[in-house]
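1. Next input, structure requested:
(one chain, ligands or ions: 1)
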Amino acid sequence: MYSIPVRLQGRLYHDSVLPEESRALRSEVRTFVNEEVLPVADHLNTVVETAEAFPWTLFRRMAELEFFGVPFALEQSGRGLRRPLCGSAVVMEELAYASDGLATIFDDHCILPGIALLSGASDVQERYLKPLVAGTKVACMAITEPEAGSDLSVGTVLTRAVLVNGSYRLNGHKRFITNAPVGDFATTLCVIEEKLCMLVVDLRTDGVTVGEPDIKMGNKVQLTADVWFNNVEVPFENLLGMHGEGLRIALRALTWGRVLVGMSGVGMAQAALDESVAYMHRRQLFGERMAAMQYWQFKLADRATEIAMARDLCYKAALRHDEGEESPEPETAMAKYFGSQIGGDMARDAVQIAGGRGFMTRLGADDTPCRVEQIYRDCKIAEIYEGANEIQKRVIARQIFGRGTR
Ligand SMILES: Cc1cc2nc3c(=O)[nH]c(=O)nc-3n(C[C@H](O)[C@H](O)[C@H](O)COP(=O)(O)OP(=O)(O)OC[C@H]3O[C@@H](n4cnc5c(N)ncnc54)[C@H](O)[C@@H]3O)c2cc1C
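-> Numbering: from 1, shown residues only. Sure, this is the predicted structure:
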């Protein structure tokens, strides 16, 4: 367990853009994070990926505290918030402050597949969305394949289904699927009759094979794995939306996901800033505290400003969405790109500030972990998944130059 520095967010950022409902949720989640996540965060952030590493106790607590109900309406057993994406963004930021791996379990369980399930018929929502919210089933979103990540089209997606005797027969191979090693079902992008479609696939059914968990650079408690489908029978009713709506459903879910990934960058950046400031107050260099060095004061003034800007962008995108804009651009792309980038920039500075200590996973002398080393490893993936930052810049560029300009 590491010692927890003073949180500076309250001094540097005023939650004035957020509605009261989201601010109340922030204090709820922060209490959970302070009392139940931070004490075990070192373990979450360094554990070796095995199916047994999945944090069942925290997962069940998040369900019990109704965090998985934050995105959903009352009729979906959700909390019925007026600003559900703002609320989800707050949960993500607070979780990522302690453990980005845990935050992504939240995102990849209730946000991506959960939002996709909203396109399902009422029976599908009953069978999958309700257990998702209750935390009795673990969900995944299976889009990426070995040869299709950023570029998703009928030609590149090789997972395919055909209709046989009233149900779909699915074949294909997905990669990097979060929660798959413990997952119950996956909303799965596939091609049916030359159109992209989204099927809900039970992962504990004949013909599904989930590979060993990937061993990753960071986000250790987030378990990812390959999933193979070999003649898997999927009920006809498990098609989400209309035939051919698969990409639209994925993109709608990813709009939520991109705001949340931006927010995870903000949460990690805030944690790295807090750690750095605590360290600079302790560390003496050339007869003065590091906190008195103007070079580093100015550097952290820059970073504190960028963190505030990124947080504002994320909440602005979330607010526009919650006020009825299904795809609020360019704010969503800006939020994902800038939030994840500031996570990386602040983490790099934090390691530099900590000197050699910042490069240590554990100090041999006393076995203490280094929080900023963990954040440095965790933050990189936010620049890649849920639409690499180059894709986000392409979306922003389209707003600048127009869609027709290549
Ligand atoms: C830890 C982790 C968890 C994940 N969880 C999931 C999950 O739950 N479900 C799921 O479906 N997928 C998941 N993914 C996959 C993730 O979304 C993809 O890795 C990501 O979309 C990038 O796809 P790719 O890896 O195939 O890279 P590619 O598509 O091959 O892209 C490689 C690089 O090319 C660059 N690039 C891409 N497009 C452009 C462009 N237009 N212009 C310039 N440069 C460009 C980017 O820098 C990009 O990083 C996960 C991945 C990881 C590592």
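
2. remind me, longest helix of this protein?
-> Secondary structure of the chain per DSSP state H: the longest helix is helix 246-282.

3. Which residues in that one does the neighbour count mark as buried?
-> For helix 246-282, burial by neighbour count (16 or more other Cβ atoms under 10 Å) applies to 246-247, 249-250, 252-280. To be clear about C-beta, it is placed using only N, CA and C from the backbone, and glycine gets the same treatment.

4. ok, and what's touching stretch 13-21?
-> The contact list for stretch 13-21 (Cβ atoms under 8 Å, 6 or more residues apart in numbering) reads 22-23, 26, 81-83, 86-87, 90, 307-308, 311-312, 315-316, 319.

5. actually stretch 379-386, not the one I typed
-> 100, 176, 216-219, 254, 257-258, 261-262, 264-265, 268-269, 336, 339-341, 343-344, 347, 389.

6. Repeat that for stretch 277-285.
-> Pro5, Val6, Leu8, Arg289, Met290, Ala291, Met293, Trp296, Leu300, Ile353, Ala354.

7. again with stretch 149-169
-> Here stretch 149-169 makes contact (Cβ under 8 Å, 6+ apart) with 142-143, 145, 147-148, 170-174, 188-192, 194-197, 199, 229, 231-236, 238-239, 247, 250, 387-388, 390-391.

8. do stretch 104-112 as well
-> Outside stretch 104-112, the residues touching it (Cβ under 8 Å, 6+ apart) are 55, 59, 62, 67-68, 70-71, 88, 91-92, 95, 132-133, 138-141, 178-179, 187, 219, 221-222, 253-254, 256-257, 260-261, 264.

9. rewinding a little: can you tell me the strand partners of whichever helix or strand comes after the longest helix of the chain and which way each runs?
-> Using DSSP states H and E, the helix or strand that follows helix 246-282 towards the C-terminus is strand 284-285. Strand 284-285 pairs in its sheet with strand 288-289 (antiparallel), by DSSP bridges.

10. how far is the very next helix or strand once past the partner strand from where the chain is centred?
-> As assigned by DSSP H and E, the chain's next helix or strand after strand 288-289 is helix 294-322. Its chain's average C-alpha position is 18 Å from that of helix 294-322, according to Cα atoms, centre = their mean, to the nearest Å.

11. Please name every helix or strand in contact with helix 294-322.
-> helix 9-12, helix 84-98, helix 246-282, helix 331-354 (3 or more Cβ pairs under 8 Å, 6 or more residues apart in numbering; DSSP states H and E).

12. Identify whichever of these lies nearest to Thr46.
-> Among those, helix 84-98 comes nearest to Thr46, with 13.2 Å by Cβ to Cβ.

13. and the closest one, is it in reach of the ligand?
-> No - shown here: helix 84-98 not in contact with the ligand (Cβ under 6 Å from any ligand atom), separated by at least 13.8 Å.

14. Please list all residues in contact with Arg204.
-> Residues in contact with Arg204 (Cβ under 8 Å, 6+ apart) are Asp184.

15. before we move on, what about Pro328?
-> For Pro328, the contact set (Cβ under 8 Å, 6+ apart) comprises Thr255, Ala317, Arg320, His321.

16. Do you know the pLDDT at the third one?
-> Read that as Arg320. We have a pLDDT of 98 for Arg320.

17. Let me know the secondary structure of the nearest residue to it once chain neighbours are set aside.
-> Spatial nearest neighbour of Arg320, chain neighbours left out: Pro328 (3.7 Å); criterion: Cβ to Cβ, 6 or more residues apart in numbering. Using DSSP: H, G, I helix; E, B strand; the rest coil, the secondary structure recorded for Pro328 is coil.

18. okay, Pro328: pLDDT?
-> The model's pLDDT for Pro328 equals 96.

19. what does Thr405 give?
-> At Thr405, pLDDT is 68.

20. same thing with Met1?
-> pLDDT recorded at Met1 is 67.

21. go on, the one 5 residues further on?
-> Each residue has a pLDDT score; the one for Val6 is 92.

22. how many neighbours does it have?
-> 10 (other Cβ atoms under 10 Å).

23. how close does it get to Ala24?
-> Separation of Val6 from Ala24 (Cβ to Cβ, to the nearest Å) stands at 23 Å.

24. what do you get for Gly364?
-> Taken as Cβ to Cβ, the span from Gly364 to Ala24 is 44 Å.
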